[in-house]
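Peer 1: Next one to model:
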Amino acid sequence: MGRGPVSPEKPIFLGAVCCAAFAGGAWFGMKKPVLSFVALLLCAALLGGCAPRQRAAQAGRGAPASGQSEAGAATSAVRGVRPMAAAQPGAQSSGSSDVTFTPLQDQPDGIAGLDPTSPQYLELLQQQAADLQDAAEQRKLAAATAALRKNAGKTYSARVRQWQGVNPDVKAWIRVPGTNIDYPVCYNSNIDYYLHRGYYGEYSTNGVVWTNGDTRFGTSAQISRNTVLYGHNWTNYSAEPRVGDPNDIMFAQLTSYHYLSTAQANPYLYYSTANQDMVFKVFACFYTELSFDYINSAGGQYILNEARARSRFNFDVDVNTSDKILTLSTCTRAYGHTSNQRFVVMARLLRSGEKISPYSITENTGNKEPSVW
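Peer 2: I've put the predicted structure just below:
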């Protein structure tokens with residue numbers, strides 16, 4: 001039978017023997033120094049042999065893990081289960097003996113303090129993932145739009161044709177110098193279809209630039225008498241709109257025509273269909289209530305007269321019912337927190353033989369104010 005580990009009782013007995021030997025050596029030391037020296041060596045040898053055997057016995061049982069009792073460590077060794085590592089600072093236990101969770105370093109709003117095993121924690125994490133995915137999709141769409149704009153060709157009519165390969169509802173393009181308005185125009189027989197849709201058909205609060213369900217396209221001879229374009233303005237609708245802020249998108253920068261300097265610097269608008277690039281000459285910009293039917297595609301003298309009467313500025317432009325009109329309309333709150341008011345810019349198509357040239361634009365001190373109160 002092999003020799004087992006030294007029991008705790010044996011070192012005690014050997015220690016007593018060593019003490020007796022030491023005492024005897026001390027007594028003989030006075031007369032027998034050699035015997036005293038031998039006794040001391042014997043005592044040291046016996047004590048030195050006890051310590052490693054006791055450590056070996058402990059090692060055979062397994063050392064306790066950090067934060068674990070010796071009894072618990074022994075139990076793990078018997079069952080063959082590796083003791084669980086101590087939790088890292090900031091970790092939260094689920095209550096299970098074999099799972100720990102470490103909270104996210106970047107916690108979404110409302111997640112701090114929640115039990116990471118709770119349904120609420122999982123729901124918030126899923127929402128965060130969805131938000132990140134939506135942001136990635138928006139970046140992807142923006143990159144695609146930028147690429148199309150860059151490579152669409154030299155003319156805007158060519159851009160329209162290329163965009164039609166992406167979205168057949170793209171029928172035209174609008175560009176307003178002095179602003180960031182440089183967008184495709186979408187058409188659907190349901191005028192509200194693009195109210196909350198983007199150019200790729202995705203949900204979008206900014207929407208697109210869109211037009212009436214009865215708008216006609218084609219050459220300058222084929223387009224509607226009054227082509228009306230709409231665009232959202234969520235950011236620049238005060239009584240004193242800002243100018244040139246890149247965060248103002250779609251038609252939010254259209255309200256810069258509130259100022260005489262903008263109108264004087266940018267008196268021409270550029271509208272293109274898949275068939276032709278066209279230039280329009282601004283003749284009115286005004287605030288209005290919705291009761292004024294300026295969005296009628298048939299146009300008419302009444303619309304022209306009212307637009308001139310309401311215009312903030314006098315434009316030295318001749319316009320009549322034989323002219324093709326381009327109307328740009330967006331939301332405003334310049335006259336209070338009511339939704340029945342709009343800001344509008346109107347222009348007429350350059351006539352045959354007419355060239356782009358400067359013309360007089362002055363203040364209209366007696367313009368007709370909207371009735372929105």
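
Peer 1: Setting aside sequence neighbours, what's the nearest residue to Tyr183?
Peer 2: Using CB to CB, 6 or more residues apart in numbering and skipping residues adjacent in sequence, the residue nearest Tyr183 is Val209, 4.6 Å away. Yep, even glycine has a C-beta here, placed from its N, CA and C like the rest.

Peer 1: What residues are bridge-paired with that neighbour?
Peer 2: Beta bridges link Val209 to Val185 when assigned by DSSP bridges.

Peer 1: thought it was touching Cys186?
Peer 2: Yes. Assessed by CB atoms under 8 Å, Val209 is found in contact with Cys186 at 7.0 Å.

Peer 1: In this structure, what residue spans correspond to strands?
Peer 2: 92-93, 100-101, 170-175, 182-186, 209-211, 226-230, 268-273, 277-289, 313-315, 325-331, 341-349, 361-363 (DSSP state E).

Peer 1: Please produce a markdown table containing these, extended by distance to Asn247, mean neighbour count and mean pLDDT.
Peer 2: A markdown table is the format used below for the strands of the chain (distance: least, CB to CB, whole Å; neighbours: other CB atoms under 10 Å; pLDDT from 0 to 100):
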| stretch | distance to Asn247 | mean neighbour count | mean pLDDT |
| --- | --- | --- | --- |
| strand 92-93 | 40 | 14 | 36 |
| strand 100-101 | 39 | 14 | 36 |
| strand 170-175 | 20 | 23 | 98 |
| strand 182-186 | 16 | 23 | 97 |
| strand 209-211 | 17 | 25 | 98 |
| strand 226-230 | 20 | 24 | 98 |
| strand 268-273 | 23 | 21 | 98 |
| strand 277-289 | 22 | 23 | 98 |
| strand 313-315 | 27 | 20 | 98 |
| strand 325-331 | 15 | 23 | 98 |
| strand 341-349 | 18 | 24 | 98 |
| strand 361-363 | 28 | 14 | 98 |
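
Peer 1: Which one of the ones you listed lies nearest to Ser371?
Peer 2: Shortest distance between Ser371 and these, using CB to CB, is found for strand 277-289: 5.2 Å.

Peer 1: Show me what that closest one packs onto, helices and strands only.
Peer 2: On a contact count with 3 or more CB pairs under 8 Å, 6 or more residues apart in numbering; DSSP states H and E, strand 277-289 meets strand 268-273, helix 301-310, strand 313-315, strand 341-349.

Peer 1: Could you point out which of the ones you listed sits nearest Ala135?
Peer 2: strand 341-349 (30.9 Å).

Peer 1: what bridges to Val345?
Peer 2: Cys285, Leu328.

Peer 1: Touching, it and Pro267? I think so.
Peer 2: No. With contact defined as CB under 8 Å, Val345 does not reach Pro267; the gap is 10.6 Å.

Peer 1: Tell me who's in contact with Ser220.
Peer 2: Applying CB atoms under 8 Å, 6 or more residues apart in numbering, we find Ser220 in contact with Gln276, Met278, Lys324, Leu349.

Peer 1: For it, give its distance to Tyr271.
Peer 2: According to CB to CB, to the nearest Å, Ser220 stands 10 Å off from Tyr271.

Peer 1: Residues that sit against both of these two, list them.
Peer 2: Joint contacts of Ser220 and Tyr271 (CB under 8 Å, 6+ apart) are Met278.

Peer 1: which ones are touching the nearest residue to Tyr270 once chain neighbours are set aside?
Peer 2: Using CB to CB, 6+ apart and skipping the chain neighbours, the partner closest in space to Tyr270 is Arg175 (4.2 Å). Residues near Arg175 by CB under 8 Å, 6+ apart: Tyr156, Ile181, Asp182, Leu269, Tyr270, Tyr271, Ser272.

Peer 1: Distance to Thr205 added to the residues you listed, as a markdown table?
Peer 2: Shown next, in a markdown table, are the contacts of Arg175 (distance: CB to CB, whole Å):
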| residue | distance to Thr205 |
| --- | --- |
| Tyr156 | 26 |
| Ile181 | 18 |
| Asp182 | 20 |
| Leu269 | 25 |
| Tyr270 | 27 |
| Tyr271 | 25 |
| Ser272 | 27 |
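
Peer 1: Between those residues, which sits nearest Tyr359?
Peer 2: Nearest to Tyr359 among the contacts of Arg175, with distances taken as CB to CB, is Leu269, at 14.1 Å.

Peer 1: which ones are touching that closest one?
Peer 2: By CB under 8 Å, 6+ apart, the contact set of Leu269 is Ile174, Arg175, Val176, Val279, Phe280, Val282, Leu326, Leu328, Val345, Ala347.

Peer 1: Now do the contacts for the fourth one.
Peer 2: Val279 makes contact with Tyr268, Leu269, Tyr270, Tyr271, Leu349, Leu350, Ile356, according to CB under 8 Å, 6+ apart.

Peer 1: What's the separation between the closest residue to Asn247 other than its chain neighbours and Arg333?
Peer 2: Spatial nearest neighbour of Asn247, excluding adjacent residues (CB to CB, 6+ apart): Thr235 at 6.1 Å. Thr235 sits 11 Å away from Arg333, going by CB to CB.
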